[in-house]
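Student: okay, predicted coordinates and the sequence, questions at the end:
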Amino acid sequence: MAWAGWYKGRPFEHPVGSENRAMIVQSISVLGALMVLGAYAMIQIGFWRELDAGYLALNIIGSLLLGVVAILERQIGFVLLEFTWMALAAVGIIRAVRMKMTGAPAGGR
């Protein structure tokens, strides 16, 4: 019954107390944000390129975590943002795989 009624606008019900739930949700959101920001930082300092697996993985996992938190908190704008961000990172994975299969340089189309 943990998810019962969520879609009807009732608060998220969880067997863990509300203080513990808030701490867990905040921890997940901080982890997700650190993953996305860390990936961006690695691009900016030149450690990774836009199609490197580490960059794409951190973006997808971090966005997924933030998207789940946005769903739990019923923040529709952030749900849209995070799942769009995750989808764009998935497009990057497809591009990287195609380039690896064809042997094309990373900057090519």
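Tutor: Nice, thanks for sending it over. Numbering: from 1, shown residues only.

Student: and the helix or strand residue 40 falls within, what's buried?
Tutor: Per DSSP states H and E: residue 40 is located in helix 18-44. Going by neighbour count (16 or more other Cβ atoms under 10 Å), the buried part of helix 18-44 is 21, 25, 29, 32, 35, 36, 39, 42. C-betas here are computed from N, CA, C, even on glycine.

Student: need the pLDDT of the residue nearest the centre of the chain.
Tutor: The centre of the chain sits closest to residue 63, judged by Cα atoms, centre = their mean, with a distance of 1.0 Å. Looking at residue 63, its pLDDT is 92.

Student: now do residue 4
Tutor: Among the per-residue scores, residue 4 holds a pLDDT of 46.

Student: got any ranges where the chain has weak pLDDT?
Tutor: Applying pLDDT under 70 to the chain flags residues 1-17, 104-109.
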